[in-house]
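# Output the structure for:
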Amino acid sequence: MKILCVSDQIDPAVYSGNAKNRFSDVDLILCAGDIPMDYVDFIVSTLNKPTYFVFGNHDLQEFGFYHKTRTAGAHPYDAGTFQQDDFSHSHGATYAGFKALRLKNFPIKDESGKSTPLLLVGISGSIRYNNGEDQYTNFEMLVKLLKIVPALLWNKIRYGRYLDIFLTHATPRKIHDLEDPCHKGFSCFNWFIESFRPKYMVHGHIHLYNPQAPRITVHGDTTIINAYSKYIFDFEQIPAPDERR
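Next comes the predicted model:
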């Protein structure tokens, strides 16, 4: 299963008339935030592959509709009868923010060889740095993670593992993050991946301007991938890490 990950900037190789041919072998697309929804729409309509996304701390024009924080009439799509819940699959993509999803159309073999769904958890947002929308303190984010734990416990009982992919915008603390107030990671993410051991964590938020900055880090049982711009990996073939923690 080949997965295309995007975040934080419009990649010209993806936003291209040749994208359908260039990425014809991609099975699944994960969007890790801070990209315009029109770009998500282009990806879905061009590649025609299942796409899941979370929001970051920018490009939040439609964030309120997915979280029911805006009133009818506030969006150009609204003609007075618009229902906010209709945005759950807007732009042809599925919003994964603050959810545990079981993707039955992507079967994964368990230890006995039985096919089970791909298990995905998505988390939107960044650390709070200016009280903007979709920003959270570490405690607020921990509370959101705890609300997902019952679904993970059910996954463990039903499928023998908690989850496969942890899709976020922000990073864990001291892994790929920076020390400025905006780009610090969540320490509760460290607890989450250490406790529930996803095979992969895919995040955005950290721009890779420095060629020496790691894109792939192994932390415990989890391979952490920075999706900045674009990155493709094969679920069954763990990419070589830049560093280990």
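# Centroid-nearest residue for the protein?
Centroid check for the chain by C-alpha atoms, centre = their mean gives L167 as the closest residue, at 3.0 Å.
# ok, now how distant is that residue from E140?
Distance, L167 to E140, by C-beta to C-beta, to the nearest Å: 19 Å. For the C-beta atoms, the positions are set from N, CA and C on the backbone; glycine is no exception.
# Same question for I224.
The value you get for I224 to E140, if C-beta to C-beta is used, is 22 Å.
# Over to K68?
Here K68 is placed at a distance of 18 Å from E140 (C-beta to C-beta).
# what does I157 give?
Distance from I157 to E140, by C-beta to C-beta: 28 Å.
# Which of the two has more residues huddled nearby?
E140 (14 against 8; other C-beta atoms under 10 Å).
# Check what contacts the longest helix that the chain contains and list those residues.
Assignment by DSSP state H gives helix 138-159 as the longest helix of the chain. Contact with helix 138-159 is made by 98-100, 102, 110, 116-117, 119, 121, 123, 125, 127-128, 136, 161-163, 186-189, 191-192, 196, as judged by C-beta atoms under 8 Å, 6 or more residues apart in numbering.
# In it, which of the residues would be classed as buried?
138, 141-142, 145, 148, 151-152, 155, 159 (16 or more other C-beta atoms under 10 Å).
# same deal with stretch 93-111?
With burial defined by 16+ other C-beta under 10 Å, the residues of stretch 93-111 counted as buried are 93-103, 106, 108.
# Kindly reformat those residues as CSV containing secondary structure, pLDDT and distance to P214.
Output for the buried residues of stretch 93-111, formatted as CSV (DSSP: H, G, I helix; E, B strand; the rest coil; pLDDT from 0 to 100; distance: C-beta to C-beta, whole Å):
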residue, secondary structure, pLDDT, distance to P214
A93, coil, 94, 28
T94, strand, 94, 29
Y95, strand, 95, 29
A96, coil, 96, 25
G97, strand, 96, 26
F98, coil, 97, 27
K99, strand, 96, 28
A100, strand, 97, 28
L101, strand, 97, 28
R102, strand, 97, 31
L103, strand, 96, 28
F106, strand, 95, 27
I108, strand, 89, 27
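# Could you dump those into JSON lines and include distance to L178?
Listed next are these as JSON lines, based on distance: C-beta to C-beta, whole Å:
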{"residue": "A93", "distance to L178": "28"}
{"residue": "T94", "distance to L178": "30"}
{"residue": "Y95", "distance to L178": "27"}
{"residue": "A96", "distance to L178": "25"}
{"residue": "G97", "distance to L178": "23"}
{"residue": "F98", "distance to L178": "24"}
{"residue": "K99", "distance to L178": "27"}
{"residue": "A100", "distance to L178": "29"}
{"residue": "L101", "distance to L178": "29"}
{"residue": "R102", "distance to L178": "34"}
{"residue": "L103", "distance to L178": "32"}
{"residue": "F106", "distance to L178": "33"}
{"residue": "I108", "distance to L178": "33"}
